[in-house]
Every structure is written in C-alpha cells, then in structure tokens.
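[1] predicted model and sequence below, questions to follow.
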Amino acid sequence: MTNQRTSKLAGALGQLAEHLQWLRDEGVAAVAADPKLVQALGRRVPTAGHAAAGAGRKAGDQPRARAAASPAAPAADAPELEAARAALADVAKRVAVCRQCPLGRARSRTVPGQGHPHPAIMFVGEGPGEEEDRQGLAFVGAAGQLLSRQILRMGLTRAEVFIGNIVKCRPPGNRPPLPDEMAACLPYLREQIAILKPKVIVCLGGTAVKGLLGVTTGITRLRGQWHSCAGVDVMPTYHPSYLLRGGGEDKARWWEVWNDLVAVLARIGRPPPPR
C-alpha cells in the first residue's frame, strides 16, 4: 500500500514539474503559491527506492549520491539541453498561434507536448482530450494517468521521457483527427523529433501510427512490430484509452502492451524492473 501511494505521489509531482516547466517555456517568471503548500512540498518525501534503502541503512551511514544523469536519457551537455529546450519552446510558441486547420479555432489551449529535451523514449498519441485542452499538457486525463503508471512500471518517470500527440489541438468531441488536420500538424511533430533525437518512439494507438507512419493497417496487426520514422525506431502499441474502454476487460491486451514496452526497454539497453 505504501509503494502504491508513493507511486501516485511521484506521478503527481512529475505532472507538477511538467506544468511548471511549461509555464517557464511560456515566459511566466513566477507563480503565486499557498505558503502551506510550499512548506509541505519542502518536506522530504521518500520514494519507494529511498524507503527500501533506508530500511537497510545503519545509523550514521551517509546516503549514496544520486546519479548525475538519468540512465533513461542519452548523456548530453547542459548547453545542448538548453538549446533543445529553447528549440522546443520556439515550436510551442508557433503552435500557440497556429491556425492552419479548423482545430485551431475551437481549442482552449494548444498542447505541444512536454518532457525531457533529449529523451531515449518519446510517446506519441492521437490528440488532446478535454483535460489536456484545459491544462495545455499532454496525457493528463484518465488515459494519461494510466500512461504515467505504465512509465513508472518501466522504471522511468514522465520527466525522463517526452509525451506528445499527432495533433496539438483537441478535435471536437474527442473524435480522431482528420487526415488534413494531421497533415497540417505533422511538420511540428517532425521538427520536435529532430530536436529531441529519441532512440525510440512509442506510437499509442492506430491514429498515431497512421499519422506518423502513413499506414492504414490496423493497430492489432501492427503492434509489437518495429517500424522506422526519420531514422528512429518506432514501436506501435495500444492507446491507454483503449485499455480503459474497449479492451479494458481483456487483460491479454494489457500484457501485450507491457510486452511492447519491455521490447522498447531492450532496444535502449535497459532491463525492465523486477516485479
């Protein structure tokens, strides 16, 4: 139970960090905060790893220094990371004023995507939903919560990957984006891929596969098989919303997604965490 609460807290803190990063990219220099909240966040919150380490640590022992670089992201110099952040912020600013398709006239906020500026893994979904349209962040609704759990199960955090969509504006009624809408938005996504330089792209659902790879084969036949886009390995798998709705009662689909994610971890040279 403690590990479950810790995982939920870690996911929530990761989303908070992403939102603050998005605000910084939008030019917000400061935000108002409740002093009690700041005080609470300032307290040390142990992670599952810290708890396990603390259980076996003798009195007086010093904790080991945390690794300087995440094993989930390629090593990069600080100037390179800052240059990537600046380039991604420039894409986000152009997306924010884009009116190249009808979706731009109905949106509340654009959703350019967020995450590590030089990740090993990039997740690409279909398009923003209602909650994403409200917050301006990708995958923060129910499907996003499941994706967060899947990423944590991989031994990663959302801050170590990049999460985006084929289109940057919410289609009306959460319908799939139309071909012309995807075509208008794809240049932004391709530019992001060139900036991010991921080792692997995980396509979440058939619409993402169709938009990114230009194929019409169904996701059931494509998932679990490696493809390529702009020199980057692509793994198609089911969208989290499918697992929550249409495939929610078929646990075999959940295991198929996990097997796909294990293959992704193997491709970047990272073993899956023990259960």
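    Good, I have the coordinates.

[2] what sits up against the helix or strand hosting A208?
    Using DSSP states H and E, A208 sits within helix 206-213. Applying C-beta atoms under 8 Å, 6 or more residues apart in numbering, the external contacts of helix 206-213 come out as 124-127, 165-167, 176-177, 182, 186, 189, 201, 203, 215-219, 222, 227, 229, 234, 236, 239. Glycine gets a C-beta too; all of them are placed from N, C-alpha and C.

[3] which of those residues count as buried?
    Among the contacts of helix 206-213, the ones that count as buried by 16 or more other C-beta atoms under 10 Å are 124-127, 165-167, 176-177, 182, 189, 201, 203, 219, 222, 227, 229, 234, 236, 239.

[4] residue contacts, R223?
    By C-beta under 8 Å, 6+ apart, the contact set of R223 is P236, T237, Y238, E256, V257, D260.

[5] and it, backbone torsions?
    When read as degrees, to the nearest 10, the backbone of R223 gives phi -60, psi 150.

[6] any idea how far it lies from C169?
    R223 sits 26 Å away from C169, going by C-beta to C-beta, to the nearest Å.

[7] coming back round to it: among the contacts of R223, which are in strands?
    P236, T237 (DSSP state E).

[8] still on that earlier bit, now the helix holding A208, how far from the centre of its chain.
    Centroid separation between helix 206-213 and its chain, computed with C-alpha atoms, centre = their mean, to the nearest Å, is 17 Å.

[9] right, and the helix or strand after it?
    Downstream of helix 206-213, the next assigned helix or strand under DSSP H and E is helix 219-222.

[10] direction included, what does the helix or strand that that following helix is followed by pair against?
    Downstream of helix 219-222, the next assigned helix or strand under DSSP H and E is strand 227-229. Sheet pairing here is set by DSSP bridges, and for strand 227-229 it gives strand 232-237 (antiparallel).

[11] from what I see, P236 and L222 are in contact.
    Yes: using C-beta atoms under 8 Å, P236 makes contact with L222 at a distance of 4.5 Å.

[12] you'd agree P271 is in a helix?
    No: using DSSP: H, G, I helix; E, B strand; the rest coil, the assignment for P271 is coil, not a helix.

[13] contact partners for it?
    If a contact means C-beta under 8 Å, 6+ apart, then P271 has L265 as its contacts.

[14] picking up where we left off before, nearest to D133 among the contacts of R223?
    Checking these against D133 by C-beta to C-beta gives Y238 as the nearest, at 22.7 Å.

[15] can you tell me how far the closest one is from G224?
    Look at Y238 and G224: by C-beta to C-beta, they are 10 Å apart.

[16] more neighbours, these two?
    Shown here are Y238 and G224; by other C-beta atoms under 10 Å, Y238 has more neighbours (20 against 14).

[17] test my guess that that one contacts L204.
    Yes: Y238 lies in contact with L204 (C-beta under 8 Å); the separation is 7.4 Å.

[18] looking at this protein, which helix or strand is least sure?
    Using mean pLDDT, DSSP states H and E, the weakest-scoring helix or strand in the chain turns out to be helix 48-55, at a mean of 36.
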